[in-house]
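In: Here is the input, now give the coordinates:
(one chain, ligands or ions: 1)
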Amino acid sequence: MRAVSSLLLLVALPAVLAVKTEDFKTCSQQAFCRRGRALSERAEKDPLWKSPYSVVASSVVIDSDHASFAAAVKSSLYPEIKFGLDVKVHEDGVVRVKMDEVDGLRKRYDEAASWALVKEPKINPNIKWTVGKQDIRASVGGADDVEIVVAFEPLKVTLFRNGKEQVVLNGLGLLHMEHFRTKDAPKEPEVGEDGTQVVLETPNPRAWFEGDEEDGYWEETWRSWTDSKPKGPESLSLDISFPNHGHVYGIPQHATRLSLPTTAGENSYYDEPYRLWNSDVFEYLADSTMSLYGSIPVLYAHNAESTVGIFNAISSDTYIDVAHPDTKSSFTHWVSESGILDVFILPGPTPADIFKQFGNLVGNPALPAHWSLGYHQCRWNYVSSEDVRSVQKRFDEEDIPVDVFWLDIEYAEDHKYFIWDKKTFPDPVEMTNDVSANARKMVVIVDPHLKRVTSYPVYKEAVELDVLSKTKDNNEYEGWCWSGSSAWVDFFNPKSWDWWKGLFKTTQSKNGKYAWTDSTSDVHIWNDMNEPSIFNGPEISMPRDNIHYGGWEHRDVHNINGMLFSNQTWQALKARTDPPQRPFVLTRSFYAGSQRFGAMWTGDNLGTWEHMAVGIKMVLANNLAGFSFSGSDVGGFFGNPDPEMLARWYQAGIFSPFFRAHAHIDTKRREPYLLDEPYKSIVKDAIRLRYNMLPVWYTAFREASTTGLPVIRPHFVVFPQDESAFAIDDQFFIGSSGLLVKPVTEKGATKASVYLPGNQPWYDYFTHRIHAGASKGRTVDVVAELHQIPLFIRGGSIIATKERPRRSSPLMKFDPYTLRVALDQDQSAQGELYVDDGVTFSHEKGQFVWRSLKAQKQGETIKLSSHDLASTNLAVAVDGAALTKYNPSNNFAKTIESVRIEEIVILGLASKPSRVIAGKEQLEWDFYPGVAASAKEDGAPSQLFIKNPVSSISQDWEISIDL
Ligand code: NOJ
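Out: Next comes the predicted model:
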């Protein structure tokens, strides 16, 4: 957001509150995008259009590693310009296609992938390329027959599965890599013999499809800003088609539906392409292709048999058109301002494969600190230490759980981050300790702009180290932000990294550099405004011709900029203690790779029902793109939501991987305890439900951190063949738990219509009412009065919860569990539970408990059991750490040895048991007859409650239910 409005937004938001679209460029306002879209229009109009790019067959060289080949590429329209193609097949079947200009006048930016990739991918040594007259091809493995074919003329890359086209690069011939040229002074026209003017051929002739004039090649002025463009034109256009795939998802961040609506073709839903250019968009629209704070250039295409994808490692301004030439296929056109072609083709074929393949590239999400899955209370601003203390007191008086209190920019003297305003925060360490005393944390904001006053040690040291961003003339860049005249650390400069780490140390360092000695290791960090947001810059950001470390222009690296900042902050917090504790860093700007370092939120949403609804879709899109730890400001950042909206927003927010309430400085206070009844109790119940379900969330995060599977999942991920649900994005699943939720996001709603997929029964989470399984899914109408949340358990699932409310999540550590066993039609069910200390990295060394929970029918007995999962799944137990052995009674497991299961509820049992025993011991139980899981009718299910059945969650156990 851009500036503090002095007009208090004390009433509900007026309808007119909306983005200033004029602050941001549309495609037609940018020369490179105009050129890219014009190219596709010209190609479309010309029936003979054929891509001018071709592979020089004689140049193909297969590398000694067999997995890759290189070849020269030529453009028939620029025969003297050389391009190089490089194609590699990774161990997991991912195909990397790279193309760059060779021996060009300058160098294109080629480092985006190196920031995004978690490590250099392993290549497949068993690939055999066959070079033919017209193409080079190789089978890339997998259970299916997957083949990559690079056609020579024109250049076209196709991934086939079972002979069917899955992903095609340059199939429509829109590939165009604008080569570097010289800027020649325009020649004076000469006068010919007949007196007419003759325009001399310029030394830089343009291919006809590049248009009639040099459109914005060497300089571009937009509003009051002139971009000097010293490198000239260097854009990259590429079409990527997904034949036979009718839905595309991904490329966050946009406020739009999950299955991306079209931007091109007949009757397209939007006119503007999706844009990726990290931006601080004030009062953004709830339905738009405009770019927002972060970018992850990954796109998935899906049909009932296959999921495929691409990751386009580009970090410059990028526009993406989406069209469906027919209902079964998808077409995309990517136009980027600069950078090399570096596309990773993800062959799938299942959603789980895609997430694994993408995770192998950019890394899986970090396993968050357990406390960070609790409730976060934020506002701009809690104004003093006393304010923080009294907010905490009010939460405790009302018995509302909360784990984290947040401080926005007003804690910092003159917005000089790291420097407390001692008038209002005279005792920051004591204040933090008061919060820590209740096993809670603080999160404090540190923005990237540094106030340019030499009395500010952080700025002064950055100047001395020479790590600040530079203008095109190599001077310190000065811009305007919260702190007034400001400078920005250039985190591309490795010299800044150790220094940045030092700032977060809580003890004075020996080298005399500034350290945040009046903070504690319970203070975690919020990195905001890191797009970067610059109030007086073009599109509220940095000039594109600014220079970063290595000589790259800001235009080349813009979308990565924010990630480097939060990455470095995460490293700094990790280095703060020995042994390290899991850092929590919230970032607003992000790129592929950010998920390795923290959480994100969807920025400055509005307190409207539309924003509440689209926030869910945005968080789902982020989850698909690997960044599961995401959420939206509960209540909306701007405006004053009425109590009904706030209650519904909390009910939605508790199902967001990151759950934080936040509000603009001009809004009324809206902490849950301020609500009147019945709203206060409704919100309290919602927050308590989040805490009850923390075992489910944490288990889902473990899975995400090792498999790349999203924490929250849309239908197509869980039921990839159920075409009727490919576009559903207002209900979703939590991890692999079998829980399906449909948050209510409509004013005045008293019921909800929910699609229940699959053929198994679904149980209402609260009433346990059974919705009988149908052969192919069904839609049911359920009551959803204000206090009710449509939440269901799929038959066949076991859900572990903790049902005792506490003030904060660490205080629940030794609380007993409850299991809900929702039987399927075969009277069986399964689930998982993962537990570790939640704060250190000791889980990477095998200090955790990971249990399989099972109910299985054996004759006339249902066996309910728990066994260790880690010993038999060492390779996937912990991300990246490749455990070689695991001891189920490790030290951590011992610490929770006494944590019991206080109740097991079994839903849908076919008949009343004759006895329930654990070993020889008879257990105490109650049975209420009702509908069985296999019945074809709805109603109250049979319910069996077993009291105190298990004395230790971390050990094997078995219970027999004799029918
Ligand atoms: C913009 C952020 O998006 C918002 O959450 C924050 O409150 C303000 N900056 C002030 O720091």
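
In: can you count the residues close to the closest residue to Phe719 other than its chain neighbours?
Out: Once flanking residues are discounted, Phe719 sits nearest to Pro757: 4.6 Å by C-beta to C-beta, 6 or more residues apart in numbering. Every residue, glycine included, has its C-beta placed from N, CA and C. Burial measure for Pro757: 23 neighbouring residues, criterion other C-beta atoms under 10 Å.

In: List the buried residues for the host helix or strand of Val619?
Out: Secondary structure assigned from DSSP states H and E places Val619 in helix 609-624. By neighbour count, and taking 16 or more other C-beta atoms under 10 Å as the criterion, the buried residues in helix 609-624 are 609, 611-624.

In: Pull out the buried positions in stretch 907-916.
Out: For stretch 907-916, the neighbour count (16+ other C-beta under 10 Å) marks Leu907, Gly908, Leu909, Ala910, Pro913, Val916 as buried.

In: Just send those residues back as JSON lines, with pLDDT and distance to Leu341 too.
Out: Formatted as JSON lines, the buried residues of stretch 907-916 follow (pLDDT from 0 to 100; distance: C-beta to C-beta, whole Å):
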{"residue": "Leu907", "pLDDT": "98", "distance to Leu341": "54"}
{"residue": "Gly908", "pLDDT": "98", "distance to Leu341": "54"}
{"residue": "Leu909", "pLDDT": "97", "distance to Leu341": "59"}
{"residue": "Ala910", "pLDDT": "96", "distance to Leu341": "60"}
{"residue": "Pro913", "pLDDT": "98", "distance to Leu341": "64"}
{"residue": "Val916", "pLDDT": "98", "distance to Leu341": "64"}
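
In: near the ligand, which residues of the stretch 501-650 of the chain?
Out: For the stretch 501-650 of the chain, the residues found near the ligand under the criterion C-beta under 6 Å from any ligand atom are Asp528, Arg588, Gly603, Asp604, Phe637.

In: Might one say that the fourth one is in contact with Leu292?
Out: Right, the one you point to is Asp604. No. Proximity of Asp604 to Leu292 does not meet the contact threshold set by C-beta atoms under 8 Å, at 9.6 Å.

In: Settle it for me: which of these two has more neighbours?
Out: For Asp604 versus Leu292, neighbours defined as other C-beta under 10 Å are more numerous around Leu292 (26 against 22).

In: Give me the distance between that one and the ligand.
Out: Shown here: Leu292 relative to the ligand, a distance of 11 Å by C-beta to the nearest ligand atom, to the nearest Å.

In: Likewise for Arg820?
Out: Using C-beta to the nearest ligand atom, Arg820 is found at 37 Å from the ligand.

In: what do you get for Ile409?
Out: With distances defined as C-beta to the nearest ligand atom, the gap from Ile409 to the ligand amounts to 4 Å.

In: How about the residues of this protein by the ligand?
Out: Among all residues of the chain, those adjacent to the ligand (criterion: C-beta under 6 Å from any ligand atom) are Met1, Trp380, Asp408, Ile409, Ile445, Asp528, Arg588, Gly603, Asp604, Phe637, His662.

In: Spit out the contact partners of the last one.
Out: With contacts defined as C-beta atoms under 8 Å, 6 or more residues apart in numbering, the neighbours of His662 are Cys378, Arg379, Trp380, Trp406, Trp601, Asp633, Val634, Gly635, Phe637.

In: Make sure the fourth one is indeed in a strand.
Out: Yes. The secondary structure assignment for Trp406 places it in a strand, going by DSSP: H, G, I helix; E, B strand; the rest coil.

In: Pairing partners for it in the sheet, please.
Out: Partner residues in beta bridges with Trp406, using DSSP bridges, are Val443.

In: thought it was touching Met442?
Out: Yes. With contacts defined as C-beta under 8 Å, Trp406 counts as touching Met442 at a distance of 7.3 Å.

In: Please determine how far Leu285 is located from the ligand.
Out: The gap separating Leu285 from the ligand is 16 Å, by C-beta to the nearest ligand atom.

In: now do Ser871
Out: Here the criterion is C-beta to the nearest ligand atom. By it, Ser871 lies 45 Å from the ligand.

In: With Thr471 instead?
Out: Computed as C-beta to the nearest ligand atom, the Thr471 to the ligand distance reads 25 Å.

In: check contacts around that residue.
Out: Per C-beta under 8 Å, 6+ apart, neighbours of Thr471: Tyr477, Pro543, Asp545, Asn546, Ile547.

In: and what of Tyr514?
Out: Applying C-beta under 8 Å, 6+ apart, the residues contacting Tyr514 are Phe418, Pro457, Val458, Glu461, Gly502, Leu503.

In: tell me, what residue is most central in this protein?
Out: Centroid check for the chain by C-alpha atoms, centre = their mean gives Phe627 as the closest residue, at 2.6 Å.

In: For the protein, which residue gets nearest to the ligand?
Out: When C-beta to the nearest ligand atom is the measure, the chain has its nearest residue to the ligand at Trp380, with 3.8 Å between them.

In: and the gap between that residue and Glu671?
Out: Taking C-beta to C-beta, to the nearest Å as the measure, Trp380 and Glu671 are separated by 13 Å.

In: Now do the shared contacts for Asp604 and Leu292.
Out: Shared contacts of Asp604 and Leu292 (C-beta under 8 Å, 6+ apart): Val281, Tyr284.

In: Check the secondary structure at Lys356 for me.
Out: In three-state terms, and counting by three-state DSSP, Lys356 is helix.

In: distance of it from Val876?
Out: From Lys356 across to Val876, the span is 10 Å (C-beta to C-beta).

In: picking that back up, show me what the helix holding Val619 is packed up against.
Out: When contacts are defined as 3 or more C-beta pairs under 8 Å, 6 or more residues apart in numbering; DSSP states H and E, helix 609-624 packs onto strand 247-250, strand 630-631, helix 643-653, strand 712-713.

In: quick one, which of the ones you listed is packed in tightest?
Out: strand 630-631 (a mean of 28; mean count of other C-beta atoms under 10 Å).

In: ok, it: who's next to it in the sheet?
Out: Sheet partners assigned to strand 630-631 using DSSP bridges are listed as strand 599-601 (parallel).
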